[in-house]
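>>> starting from these lines, generate the structure:
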Amino acid sequence: MTAGHLQIKKGNYYAVLTYVTADGKRKQPWIPLGIPATRGNKKKAEEALIKLRCEYRPPREDLVGFDLQPDMLFADFMEAWLEVIRSTVEETTFSSYSQLVKGKIVPYFRKTGITLEQLQARHIQTFYMRELRTVSPNTVIHEHANIHKALKYAFRMDLIPSNPADKVERPKKTRYVADYYKMDELEKLFEVTKNHPLSLLIQMTAFYGLRRSEVIGLKWSAVDFDRNTITIRHTVTEAKTDGKRVLVAADHAKTKSSLRTLPLVAGFREKLLALRVQQKENMKICGESYITAYKDYIFVDPMGGLYTPDTVSTNFSSILSSNGLRHIRFHDLRHSCASLLLANDVPMKQIQEWLGHSDISTTANIYSHLDFKSKITSANVMDGVLDLPEGNAPGWVLKMPEK
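This is a model prediction of the structure:
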């Protein structure tokens, strides 16, 4: 999706899109939406902007720079490819691509001196084998995804006759086994953090099984105190762009299914109301020193600063260490929620909806090893329908040789 925002010019709404050309130049075309900037039309203009951002493709001459040639170094091509796709993916996605390409792929292939047209499958395979000495198979799979996409683009641009990455053997993906806290561990965590500034954030993450980006991105507008609901629809993530760490706020969840409305239970309702009063008091006390940029967010520090993803994870690890609690990742609070739901006979389909997974297979793949009760049910069914003969298993009877 191309980046963009709305602007008003001569009484009409315009979409101002932003993308970077292959030679690193930033362009911002103004595209008329044909919608008058009158009362009641803003929402219509915002919907048109989102549609345009999804459909817009920069001119081919902007994406294919004069320096993209078959005889260029493969390392240079990978860096050029990053600029090509920069305006077509989310900022966080670009950040992860950039870290792999510039951190691992480019330095390795620059030393080899291999050009784009010289690159063969064996060169890529050697790179993967070397990487597997120090990183996990899953990391190599991500590296392969970047190399394959870049070479696919080179093939489409007629720079190479075929994609050598098609011939490479990828390592087998390592299945992730989720770690989690049991109920007594969660209760102890809640107890030792009851006076900590992140107390409510930790409790809501574990209770609702939220992703880190979802709990940090919670806004007061997401809470309906009349209907007692809380809607997950805004996220805050962190990305490293051009060597700088930036916060990326988005008015959409990770997937369509991640957008969900959950019941606001009485305990959290009271805690949130108290927190809102406290924040208003902090705003009065701090006066002009209070950071108003994040006043719509629920989880801010006493000065109004938004808690960043890195701050939350670092503080969480420190809490566990200082209180002698078993180490888990902050994200494992989400897994702890799922394990408790499973242990209390909540169906997998309902867990999928509670956690906001796009597909029930995702939920099943992550948590099937925890669903032991269903295995007991299966065992009881088999025991009831399949009769075993009476008597002990004889085993093998060894005879002494005759003298």
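
>>> so which other helices or strands are in contact with the top strand by length along the chain?
Assignment by DSSP state E gives strand 12-20 as the longest strand of the chain. Identification of packing neighbours for strand 12-20 by 3 or more C-beta pairs under 8 Å, 6 or more residues apart in numbering; DSSP states H and E yields strand 3-9, strand 26-27, strand 30-36, helix 42-55. Every residue, glycine included, has its C-beta placed from N, CA and C.

>>> okay, those in JSON lines with distance to V236 and mean pLDDT next?
Converted to JSON lines, the helices and strands packed on strand 12-20 look like this (distance: least, C-beta to C-beta, whole Å; pLDDT from 0 to 100):
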{"stretch": "strand 3-9", "distance to V236": "17", "mean pLDDT": "87"}
{"stretch": "strand 26-27", "distance to V236": "25", "mean pLDDT": "80"}
{"stretch": "strand 30-36", "distance to V236": "28", "mean pLDDT": "91"}
{"stretch": "helix 42-55", "distance to V236": "19", "mean pLDDT": "86"}
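
>>> to C286, which of these lies closest?
For the helices and strands packed on strand 12-20, the distance to C286 is smallest for strand 3-9, at 30.1 Å, taking C-beta to C-beta.

>>> that closest one - which strands sit beside it in the sheet, and in what orientation?
strand 12-20 (antiparallel) (DSSP bridges).

>>> who touches the partner strand?
2-8, 26-37, 41-42, 45, 48-49, 52-53, 56, 58, 62, 83, 86-88 (C-beta atoms under 8 Å, 6 or more residues apart in numbering).

>>> PyMOL command for the buried members of the residues you listed?
To isolate the buried ones among the contacts of strand 12-20 in PyMOL, judged by 16 or more other C-beta atoms under 10 Å, type:
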select buried, resi 2+3+4+6+33+35+37+45+48+49+52+53+56+58+62+83+86+87+88
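
>>> strands along this structure, start to end?
Under DSSP E, the chain gives strands at 3-9, 12-20, 26-27, 30-36, 223-224, 229-232, 235-241, 244-250, 260-263.

>>> any idea which of these gets closest to Q118?
Closest to Q118 of those, according to C-beta to C-beta: strand 12-20, at 27.6 Å.

>>> quick one: buried residues of that closest one?
Of the residues in strand 12-20, 12-15, 17, 19-20 count as buried by neighbour count, 16+ other C-beta under 10 Å.

>>> just stretch 233-245 next, same as before
Neighbour-count burial for stretch 233-245, counted by 16+ other C-beta under 10 Å, picks out 233-239.

>>> quick check: mean pLDDT of it?
The average pLDDT within stretch 233-245 is 82.

>>> please list the residues outside it that contact it.
Contacts of stretch 233-245 from elsewhere in the structure, counted by C-beta under 8 Å, 6+ apart, are 91-92, 94-95, 98-99, 211, 213-214, 216-219, 222, 246-254, 259, 297, 306, 308-310.

>>> can you select the buried ones from these in PyMOL?
Buried residues among the contacts of stretch 233-245 (16+ other C-beta under 10 Å), as a PyMOL selection:
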select buried, resi 92+94+95+98+211+213+214+216+217+218+219+222+248+250+253+254+297+306+309
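
>>> among the contacts of stretch 233-245, which ones are in helices?
Among the contacts of stretch 233-245, DSSP state H puts 91-92, 94-95, 98-99, 213-214, 216, 309-310 in helices.

>>> and the residues you listed, which two are furthest apart?
Maximum pairwise distance among those (C-beta to C-beta): 24.2 Å, between S98 and E214.

>>> skip the chain neighbours and tell me the closest residue to H327.
What sits nearest to H327 in space, not counting adjacent residues and going by C-beta to C-beta, 6 or more residues apart in numbering, is L320, at 5.4 Å.

>>> same question but for F155, I mixed them up
Excluding the flanking residues, the one nearest F155 by C-beta to C-beta, 6+ apart is N163, at 5.0 Å.

>>> what sits against that neighbour?
Residues near N163 by C-beta under 8 Å, 6+ apart: 148, 151-152, 154-155.

>>> narrow those residues to those that are buried.
Buried among these by 16+ other C-beta under 10 Å: 148, 151, 154-155.

>>> make TSV from the residues you listed and add pLDDT and distance to P171 to it.
Shown next, in TSV, are the buried ones among the contacts of N163 (pLDDT from 0 to 100; distance: C-beta to C-beta, whole Å):
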residue	pLDDT	distance to P171
H148	97	14
L151	97	18
A154	94	23
F155	95	24
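
>>> which one of the residues you listed is nearest to N282?
Of all the buried ones among the contacts of N163, H148 has the smallest distance to N282: 50.2 Å, by C-beta to C-beta.

>>> distance of that closest one relative to N163?
7 Å (C-beta to C-beta, to the nearest Å).

>>> so for those two, which residues contact both of them?
Here H148 and N163 share no contacting residue, scored by C-beta under 8 Å, 6+ apart.

>>> ok, the residue nearest to R269 when sequence neighbours are not counted - contacts?
Nearest non-adjacent residue to R269, counting by C-beta to C-beta, 6+ apart: N228, 6.3 Å away. Taking C-beta under 8 Å, 6+ apart, we find N228 in contact with 263-265, 269.

>>> which of those count as buried?
Using 16+ other C-beta under 10 Å, the buried ones in those are L264.

>>> looking at the contacts of N228, which are in helices?
Taking DSSP H, the ones among these that sit in helices are R269.

>>> do you know the pLDDT at the residue nearest to V192 when sequence neighbours are not counted?
Spatial nearest neighbour of V192, excluding adjacent residues (C-beta to C-beta, 6+ apart): N323 at 4.5 Å. Looking at N323, its pLDDT is 96.

>>> and the helices in the stretch 101-250 of the chain?
Applying DSSP state H, counting those that start in this stretch to the stretch 101-250 of the chain gives helices spanning 106-112, 121-131, 137-156, 183-192, 199-208, 212-216.

>>> for the fourth one, buried residues please.
Okay, so that is helix 183-192. Under 16+ other C-beta under 10 Å, the buried positions of helix 183-192 are 186, 188-189, 192.

>>> many thanks, we can stop here.
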